[in-house]
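In: 3D, please:
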Amino acid sequence: MDIKVLGTGCPTCKSLEDATKEAASKLGIKASITKEEDIVKIMAYGVMRTPALVIDEEVVVSGRIPSIEEIKEFLTR
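Out: Below you'll find the predicted structure:
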C-alpha cells in the first residue's frame, strides 16, 4: 500500500502524517507512508486544500484532518 500525505509542511499536515502512521500501525498494515511538500506535485492530484491523504494514488480526503478511526476505514477499503 502506498500512502502519501500532501501538504506544504504546516502543523496540520504533520498531524495528518502522524495520525496516518498511527492508524496503519494499529491495523498492522505494512505501508509506505511519504510526505509530499512540492506544490506542483500536490496540484497534480487536483488538491486545492491541504492537508490531503492519498492512498494508492486516490485522494481520499483533503482540507481537513480525519479521525484515526476514519483513516482506518480508508485503509481497509
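
In: chain center to the helix or strand where residue 14 lies: distance?
Out: Following DSSP states H and E, the helix or strand that holds residue 14 is helix 11-27. The chain centroid and the centroid of helix 11-27 are separated by 8 Å under C-alpha atoms, centre = their mean, to the nearest Å.

In: and if you look at stretch 41-61?
Out: The mean C-alpha position of stretch 41-61 is separated from the chain mean by 8 Å, C-alpha atoms, centre = their mean.

In: identify the residues contacting the residue lying closest to residue 21 once chain neighbours are set aside.
Out: Nearest residue to residue 21, sequence neighbours excluded (C-beta to C-beta, 6 or more residues apart in numbering): residue 33, at 5.8 Å. Placement of C-beta: from N, CA and C, glycine included. If a contact means C-beta atoms under 8 Å, 6 or more residues apart in numbering, then residue 33 has 3-5, 17, 20-21, 24 as its contacts.

In: would you list the buried entries among these?
Out: In these, burial by neighbour count holds for 3-5, 17, 20, 24, counting by 16 or more other C-beta atoms under 10 Å.

In: out of those residues, what pair is the most spread apart?
Out: Maximum pairwise distance among the buried ones among the contacts of residue 33 (C-beta to C-beta): 12.7 Å, between 4 and 24.

In: is residue 4 bridged to anything, and to what?
Out: Applying DSSP bridges to residue 4 yields these beta-bridge partners: residue 34, residue 54.

In: what's near enough to touch it?
Out: 33-36, 53-54.

In: let's see it at 10 Å
Out: Contacts for residue 4 were tallied using C-beta atoms under 10 Å, 6 or more residues apart in numbering; they are 17, 20, 32-36, 41-42, 45, 52-57, 59.

In: go on, residue 47?
Out: With contacts taken as C-beta under 10 Å, 6+ apart, residue 47 has the following neighbours: 6-7, 36, 39, 41, 53-54, 59, 61-63.

In: adding distance to residue 72, write the residues you listed out as JSON lines.
Out: Putting the contacts of residue 47 into JSON lines (distance: C-beta to C-beta, whole Å) gives the following:
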{"residue": "6", "distance to residue 72": "19"}
{"residue": "7", "distance to residue 72": "20"}
{"residue": "36", "distance to residue 72": "22"}
{"residue": "39", "distance to residue 72": "29"}
{"residue": "41", "distance to residue 72": "26"}
{"residue": "53", "distance to residue 72": "12"}
{"residue": "54", "distance to residue 72": "16"}
{"residue": "59", "distance to residue 72": "18"}
{"residue": "61", "distance to residue 72": "13"}
{"residue": "62", "distance to residue 72": "18"}
{"residue": "63", "distance to residue 72": "20"}
